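S.K.: turn this into a structure:
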Amino acid sequence: MDTFLWLQLLTVWDYLYIPRPLTTNRIHGRQVAVSTRSSLRSVQDHRRFWPGYLEAHAEGLELGRSARLRARLTPLGSAGSAVAVELLKRNWRSALDLGLRAPTPWLPVLPLFVARAHRRERARTRALAEHVPYPMMYP
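M.R.: Numbers count the residues shown, from 1 in each chain. All right, here's what the predicted structure looks like:
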């Protein structure tokens, strides 16, 4: 994922924060982001990335225990987002399938991450959802 590359780059170089969007992205049905979400590949990518990244950079970045824990929970957040998107699209079977494909130890807490992601996605897309159905926003 490009995000992982940027995280690696930011441990070496400074960056500039610009508090406004610089691009507009359009997601279409054949885009890699769609298959990544529906296959939970991003969850596996996060599970592989974060332990090594934290081992290499947590001290240099002066990350405290809570920041390290939040970073380690990123894969769970990614799984929760994938399920939440399917729920927004009213794809109940797909949401259940994705949830059940999460690692078994996650199942007791996954609903918390789904609820959080659902709330965030609804808030983020509220204005657009008045005009565009969720299946068009998230192919």
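S.K.: low-confidence ranges, the chain, go.
M.R.: 1, 25-38 (pLDDT under 70).
S.K.: so for the longest helix belonging to it, what gets flagged as buried?
M.R.: In the chain, assigned by DSSP state H, the helix with the most residues is helix 110-129. Neighbour counts over helix 110-129 (16 or more other CB atoms under 10 Å) mark L110, F113, V114, A117, H118, E121 as buried. Bear in mind the C-beta positions are built from the backbone N, C-alpha and C, glycine included.
S.K.: what element comes up after that helix heading to the C-terminus?
M.R.: Moving toward the C-terminus from helix 110-129, the first helix or strand encountered (DSSP states H and E) is helix 134-137.
S.K.: buried residues, that next one. List them.
M.R.: For helix 134-137, the neighbour count (16+ other CB under 10 Å) marks Y134 as buried.
S.K.: kindly report the same for stretch 100-109.
M.R.: Going by neighbour count (16+ other CB under 10 Å), the buried part of stretch 100-109 is A102, W106.
S.K.: show me what the longest helix of the chain is packed against.
M.R.: For helix 110-129, the elements it packs on are helix 74-88, helix 134-137, judged by 3 or more CB pairs under 8 Å, 6 or more residues apart in numbering; DSSP states H and E.
S.K.: what's that helix in contact with?
M.R.: Applying CB atoms under 8 Å, 6 or more residues apart in numbering, the external contacts of helix 110-129 come out as 73, 76-77, 79-81, 83-85, 87-88, 99, 102, 134, 137.
S.K.: one more: stretch 56-69?
M.R.: Contacts of stretch 56-69 with the rest of the structure, by CB under 8 Å, 6+ apart, involve T11, L54, A71.
S.K.: circling back to that earlier point, what's the closest of the contacts of helix 110-129 to S39?
M.R.: A79 (11.6 Å; CB to CB).
S.K.: so what's the closest one up against?
M.R.: L40, V43, L98, G99, A102, W106, L110, F113.
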